[in-house]
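J.: Just the structure for this:
(one chain, ligands or ions: 2)
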Amino acid sequence: MLNSPSFLGYTRLGAETTAAQTDLREQFDFGTPGVKPWTEEDPFWQRLEGPNQYPDYPGAQEIVDGYLTRIDDLAQTFVRFVAECLSLPADTFDGFKGNMSRLKFVKYPPAAKNSQGVGPHKDSAGLFTFLSQDNTGGLQVLNKNGEWIDVPPIEGSLVVNIQQGFEAITGGICAATTHRVIAPTTRTRYSIPFFLGVRLDLTLDQLQESAAHIVQRIPVSDDKKKRAVDVPSEFLSPLYSCFGEAHLRNRILSHSDVGRRWYPELYATYSKQNLK
Ligand SMILES: O=C(O)CCC(=O)C(=O)O
Ligand SMILES: [Fe+2]
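T.: Ligands and ions are numbered 1, 2, ... in the order given. Below is the predicted model of the structure:
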């Protein structure tokens, strides 16, 4: 990944940070293939969209690209169902979809009891996450009462998280899913999350207008206890010019080696900002 300003490629064990602590996992990050290459004329955050670095393994590119195509279809159908569940026209969220979605293959080796596989966070690439996990367990979400509860593996199912993009589109009402992974102790855990991308150019101001009629329809639920212990949402912060910058900030701080190499000035700025 160190070679990729788009944060795509392989991350070794111990090179990723979440909630100011090192995560005990390694992974490959991929994106929807075929996005327009970044040039100096494009906004700086557009560089998040770029070419993949496939592992040198027979058939890897076909497996990754094939999975991306099929799960992207599923995700788009899902988003239309979400709109209908909110009594909105099925195509309400179509215009928010980004150019590039992301797919990861993650490996958590066994570690000491209660180690951080990945720390508490809200996914920041887009609208919803569709995660396939093996049967090891360890994934947890923060519920409305601010308590961590297990997300037990269910064979043949995907875990769906609300990401920060959808949270922002719904004016914060559909809160992003705060989740973490407690590292396994006796066996290796594998997971494959797919992150449906959002348009990087959207600003909070633009959203306020387009979100007004969406927000009216959504019933508000009481999640004050969750909010009291929650991690911050970059996408709702007025510090960032648009979703693209909010997502870039998140990547730079999570993968600080890549961030320092490609975006040294932004790294210096973002690492000093406290969102709470
Ligand atoms: O491995 C998992 O189950 C969760 C992974 C995750 O939350 C992430 O990579 O954003
Ligand atoms: Fe996540």
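
J.: Ser6: neighbouring residues, count only.
T.: By other Cβ atoms under 10 Å, 26 other residues sit near Ser6. (C-beta placed from N, C-alpha, C; glycine too.)

J.: Please apply the same query to the one 4 residues further on.
T.: In terms of burial, Tyr10 registers 16 neighbours under the definition other Cβ under 10 Å.

J.: swap in Lys272?
T.: The tally of other residues near Lys272 (other Cβ under 10 Å) stands at 7.

J.: does the residue in the stretch 1-150 of the chain positioned nearest to ligand 1 have beta-bridge partners, and which?
T.: Proximity of the stretch 1-150 of the chain to ligand 1 (Cβ to the nearest ligand atom) peaks at Leu139, 4.2 Å away. Legend: beta-bridge partners of Leu139 under DSSP bridges are Val181.

J.: burial of it, as a residue count?
T.: When neighbours are counted by other Cβ under 10 Å, Leu139 registers 21.

J.: same thing with the one 5 residues further on?
T.: Residue crowding around Lys144 was assessed by other Cβ under 10 Å; the count is 13.

J.: any idea which element the residue in the stretch 51-200 of the chain that ligand 1 sits nearest to lies in?
T.: Here the stretch 51-200 of the chain gets closest to ligand 1 at one residue, Ser191, 3.3 Å apart by Cβ to the nearest ligand atom. Following DSSP states H and E, one finds Ser191 within strand 189-197.

J.: which strands and helices sit next to the helix or strand following that strand?
T.: Counting by DSSP H and E, the next helix or strand C-terminal to strand 189-197 is helix 204-217. On a contact count with 3 or more Cβ pairs under 8 Å, 6 or more residues apart in numbering; DSSP states H and E, helix 204-217 meets helix 164-169.

J.: re earlier: the residue of the stretch 51-200 of the chain closest to ligand 1: what's it in contact with?
T.: Residues in contact with Ser191 (Cβ atoms under 8 Å, 6 or more residues apart in numbering) are Val106, Tyr108, Leu131, Ser132, Gln133, Asp134, Leu139, Val181.

J.: next one: Ser115
T.: So Ser115 contacts Leu24, Ile182, Ala183 (Cβ under 8 Å, 6+ apart).

J.: Mind listing what's buried along the least confident helix or strand in the chain by mean pLDDT?
T.: Across the helices and strands of the chain, mean confidence by mean pLDDT, DSSP states H and E is lowest for helix 204-217: a mean of 77. Of the residues in helix 204-217, Leu204, Leu207, Ala211, Ile214, Val215 count as buried by neighbour count, 16 or more other Cβ atoms under 10 Å.
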